[in-house]
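# 3D, please:
(chains A, B and C)
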Amino acid sequence: MLLGEPEAAAAKPKPGAAARPGLKTLAEVPHQYHLAATAAERAQLIRKLQGLDSFCLDIETTSLDPKAARLVGLAFSFAAHSGYYVPLPPAPRAAPVLEEFRPVLESERIEKVGHNLKFDLSVLKWQGISVGGKLFDTLIAHSLLEPEMRHGMDHLAEVYLDYTPIPIGRLLGDSGAARASLADVPVGQVAEYAAEDADVTWQLRAVLEPLLKARGQERVFYEVEAPLIPVLVDMEYEGIKVDAAALAEFAAQLAGEMGAAEKAIYRLAGTPFNLNSPRQLGQILFDVLKLGAAPRKTRTGQYATDEQTLQALAADHEIVRRLLEYRAAAKLKSTYADALPEAIWPGTGRVHTTYHQVMTATGRLSSQNPNVQNIPIRTERGQEIRKAFVPRGPEYRLLAADYSQIELRILAALSRETVMLEAFRSGADIHTATAARVFGIPPGEVTPEMRRKAKMVNFGIAYGISAFGLSQRLGISRAEAGTIIAQYFQQFPGIRRYRDETIARARERGYVETVTGRRRYLRDIRSANDTARAAAERNAINAPIQGSAADMIKLAMVAIHRELVRRGLRSRMLLQVHDELVFDLYLPEREEVRRLVGEIMTTALPLEVAMAVEMGEGENWLAAH
DNA sequence: GTGAAGCACT
DNA sequence: CTCTGGGTGCTTCACC
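Next comes the predicted model:
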């Protein structure tokens, strides 16, 4: 069935239609959108799809959460200004219709094009369909091409196609609460909207593909980001088991401690107040109790009450010590002990995070709902949270595989700094070796204090350190910090050269890039504002290092996932925390999985420096370290 | 709903 | 003399 012919160009714009001049809409552009609602129409469409090397896929659902989403329909396009929409009946009658499309969706031969394919693939995965074939994602392509711009499909259509798609608001209404579900919109309207989205995405691909080539970003797109999509789909789908009972018990303990601290604080303050309000707290500490000599203020004029400020006062004032106790307990309780059990999906009893693949400036992943990349590890109490992440069953353990010194090794490789490369080659402790150089003594005479300083310098260098920053973190004078940094650059001349050359190149081109071609644009690199320019220069140094580390672990994830699937293993990759991968390890596969994870992580992105990986396993995430 | 402050991780 | 390490997400307060 052919959908509505183009309306007269003079037609009155409907509410929600774009009023932007010079941009075309569906009404003015000839198009052939088809509704495939009957079994015969679907069969004909599927025969067409079977004969293709590539098609665009766009699904319509009732929810933006793949776990909760019900499928409303499937849209396809494989030629500009042409598209198909397949409405799906409500469950359970949707299943047999979806089943008709399984062969084309799961086909490894047919490439799938889409905008934010991770969502479409996730929804289909929860419906039992594992989409196969190469992927071209226009959201990811554009994020790599123009990281600073917006990446919404409607926006891209306007910029690259001079076209305004039907806004979803026209179908669902604009206000948040009363917003309708796509399931309740007449099928004809959904069909036009969905077929248009698939059509637009198909057209966008044709525009973006040559741009990737022109900017030298084919490697990062085709080898890193596109193959990573189905890997993240599977990791999110797997989730991880969290011991809710243990967290509830810990939460109760924390509540007790918070109550005791609260009582003590009110007594010492002479009055109750809202402990969670930095403003009220600042007034009590600095106006009422007059602690400290010259209270620091934040840039909005409030008293600073951050941990560093409070630590400086803690030795002299019990109320401050109790406040720090309260803060630590409150953070653990609200952010982790209370929140994680609520994040457990009832259908699986597991926690399913969402990874964002290209949201960060450097190429790292981010994780949300819940964030599994900031689970505590540093403090003893925080470790209780990590203990609650457990293997899926009795025949399993958690396996954690960490890159050792990934950023420092990458810095050594990018800078070709011979002394540092040799230190890594020899297997020496890198911070001790650094301390020996910086302080001009044999490695055997390096004290723990000297090593601590060298370690902080090593971390700081990758971030574009300043003497002030180092002095703050080490609790030493600015002069001493300056001397250490000067010594460092003298002993590692390659790193100074790398820093200078990277900043110079960034100034010429306006961007820096990673080994695979991931770019970070630095608009302030030529700024006359010293502070802004200094920040851009730090980013110029850091972005290739942090970004290449992200490239490396993403490549490793793709290869590990491929190998787990190819070998039919039951172990599963679950989490990524920037330089660490966490697995449900099926114990009969123990040796095989440890070997392949270690081998792939160390070789995924060959550089002039060897990579080292540390592995541990245990009955929980803490024990796996 | 939005921005700030604070803090968890790497 | 001034500013002052990269990258995230979540919770809470305070205000719109």
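# Give me the residues contacting stretch A:381-388.
The contact list for stretch A:381-388 (CB atoms under 8 Å, 6 or more residues apart in numbering) reads A:242-244, A:246-247, A:250, A:328-329, A:332, A:336-337, A:340, A:375-377, A:620-623. All C-beta atoms are positioned from the backbone trio N, CA, C, and that covers glycine.
# likewise stretch A:549-557?
Counting by CB under 8 Å, 6+ apart, A:220, A:223-225, A:228, A:231, A:362-365, A:403, A:406-407, A:410, A:514-516, A:518, A:573, A:576, A:578-579, A:581, A:600-601, A:604-605, A:611 sit against stretch A:549-557.
# For it, what does the pLDDT average out to?
Mean pLDDT, computed over stretch A:549-557, is 97.
# Could you see whether DNA strand B lies near that stretch?
No - using CB under 7 Å from any atom of the strand, stretch A:549-557 stays clear of DNA strand B, with a minimum separation of 8.2 Å.
# quick one: buried residues of that stretch?
For stretch A:549-557, burial by neighbour count (16 or more other CB atoms under 10 Å) applies to A:549-557.
# Let me know the closest of those residues to A:Leu204.
A:Lys554 (23.4 Å; CB to CB).
# do the helix or strand harbouring A:Glu599 and DNA strand B meet at all?
In this structure, A:Glu599 sits in helix A:590-603 according to DSSP states H and E. No - using CB under 7 Å from any atom of the strand, helix A:590-603 stays clear of DNA strand B, coming no nearer than 13.6 Å.
# next one: stretch A:56-75
No - using CB under 7 Å from any atom of the strand, we find that stretch A:56-75 stays clear of DNA strand B, coming within 14.6 Å at best.
# on that earlier part again, which one of the buried residues of stretch A:549-557 sits closest to DNA strand B?
A:Ala549 (8.2 Å; CB to the nearest atom of the strand).
# re earlier: kindly supply the PyMOL command isolating those of the contacts of stretch A:381-388 that are buried.
Here is the PyMOL selection string for the buried members of the contacts of stretch A:381-388, based on 16+ other CB under 10 Å:
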select buried, chain A and resi 242+243+244+246+247+250+328+329+332+336+337+340+375+376+620+621+622+623
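# Which of the contacts of stretch A:381-388 fall in strands?
Members of these lying in strands (criterion: DSSP state E): A:Val242.
# ok, and of the contacts of stretch A:381-388, which contact DNA strand B?
Near DNA strand B, judged by CB under 7 Å from any atom of the strand, the entries from those are A:328, A:332, A:375-377.
# Adding distance to A:Arg496 and pLDDT, write those out as CSV.
Output for those, formatted as CSV (distance: CB to CB, whole Å; pLDDT from 0 to 100):
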residue, distance to A:Arg496, pLDDT
A:Ala328, 40, 95
A:Leu332, 42, 96
A:Ile375, 37, 96
A:Pro376, 37, 96
A:Ile377, 33, 95
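# I'd like the list of these that fall within helices, please.
Among those, the subset assigned to helices under DSSP state H consists of A:Ala328.
# Most widely separated two among the ones next to DNA strand B among the contacts of stretch A:381-388?
Between all members of these, the farthest pair (by CB to CB) comes out as A:Ala328 and A:Ile375, at 15.2 Å.
# Can you confirm whether stretch A:296-305 lies near DNA strand B?
Yes - using CB under 7 Å from any atom of the strand, a contact is recorded between stretch A:296-305 and DNA strand B, made by A:298-300, A:302-305.
# where does the stretch 501-625 of chain A come near DNA strand C, residue by residue?
Within the stretch 501-625 of chain A, the positions adjacent to DNA strand C are A:530-531, A:534-535, A:538-539, A:542, A:546, A:578 by CB under 7 Å from any atom of the strand.
# Can you turn the buried subset of those into a selection I can paste into ChimeraX?
Filtering these down to the buried ones (16+ other CB under 10 Å) takes a single ChimeraX command:
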select /A:535,538,539,542,546,578
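# tell me the two of the residues of the stretch 501-625 of chain A next to DNA strand C that are most distant?
A:Asp530 and A:His578 (30.9 Å).
# Looking at the residues of the stretch 501-625 of chain A next to DNA strand C, which one is closest to DNA strand B?
The shortest approach to DNA strand B among those belongs to A:His578, at 3.3 Å (CB to the nearest atom of the strand).
# Heading C-terminal from the strand or helix carrying A:Arg102, find the next helix or strand.
Taking DSSP H and E as the definition, A:Arg102 sits inside helix A:94-106. Once helix A:94-106 ends, the next helix or strand along the chain (criterion: DSSP H and E) is strand A:111-114.
# helices or strands next to that next one in the packing?
Judged by 3 or more CB pairs under 8 Å, 6 or more residues apart in numbering; DSSP states H and E, strand A:111-114 is in contact with strand A:54-61, strand A:135-137, helix A:187-214.
# Could you point out the helix or strand that follows the shortest one?
The element immediately downstream of strand A:135-137 (helix or strand, assigned by DSSP H and E) is helix A:138-145.
# now that following helix and strand A:54-61, what's the angle there?
110 degrees (axes from the mean of the first three to the mean of the last three CA atoms, to 10 degrees).
# so how far is helix A:138-145 off the chain centroid?
15 Å (CA atoms, centre = their mean, to the nearest Å).
# That helix and DNA strand C, are they touching?
No - under the criterion of CB under 7 Å from any atom of the strand, DNA strand C is not reached by helix A:138-145; the shortest gap measures 11.4 Å.
# what's the angle from that helix to helix A:187-214?
Using the same axes, to 10 degrees: helix A:138-145 against helix A:187-214 is 30 degrees.
# moving C-terminal of helix A:138-145, what's the next helix or strand?
Counting by DSSP H and E, the next helix or strand C-terminal to helix A:138-145 is helix A:153-161.
# Against which helices or strands is that following helix packed?
Where contact means 3+ CB pairs under 8 Å, 6+ apart, helix A:153-161 is packed against helix A:138-145, helix A:187-214.
# Quick one: mean pLDDT for the last one?
Model confidence over helix A:187-214, given as mean pLDDT, is 96.
# which parts of it are buried?
Buried, per 16+ other CB under 10 Å, within helix A:187-214: A:190-205, A:208-209, A:212.
# Pull up the gap between A:Thr514 and A:Ile465, please.
Separation of A:Thr514 from A:Ile465 (CB to CB, to the nearest Å) stands at 21 Å.
# That should have said A:Leu408, apologies.
Distance from A:Leu408 to A:Ile465, by CB to CB: 13 Å.
# re the thing from before, helix or strand right after the helix holding A:Glu599?
Moving toward the C-terminus from helix A:590-603, the next helix or strand (DSSP H and E) is strand A:612-618.
# That following strand and DNA strand B in contact?
No - Strand A:612-618 does not reach DNA strand B (CB under 7 Å from any atom of the strand); its nearest approach is 12.0 Å.
# Sheet-wise, list the partners of that strand with their directions.
strand A:396-404 (antiparallel) (DSSP bridges).
# partners of the residue most central in space within chain A in the sheet?
With distances taken as CA atoms, centre = their mean, A:Ser366 lies nearest the centre of chain A, 1.9 Å away. Going by DSSP bridges, A:Ser366 is paired in beta bridges with A:His356.
# how far away is it from A:Cys56?
27 Å.
# Would you tell me which helix is longest in chain A?
For chain A, the longest helix by residue count, based on DSSP H, is helix A:530-566.
# starting at the chain centroid, how far to it?
Relative to its parent chain, helix A:530-566 has a centroid offset of 11 Å by CA atoms, centre = their mean.
# can you give me the angle that helix makes with strand A:396-404?
Using the same axes, to 10 degrees: helix A:530-566 against strand A:396-404 is 140 degrees.
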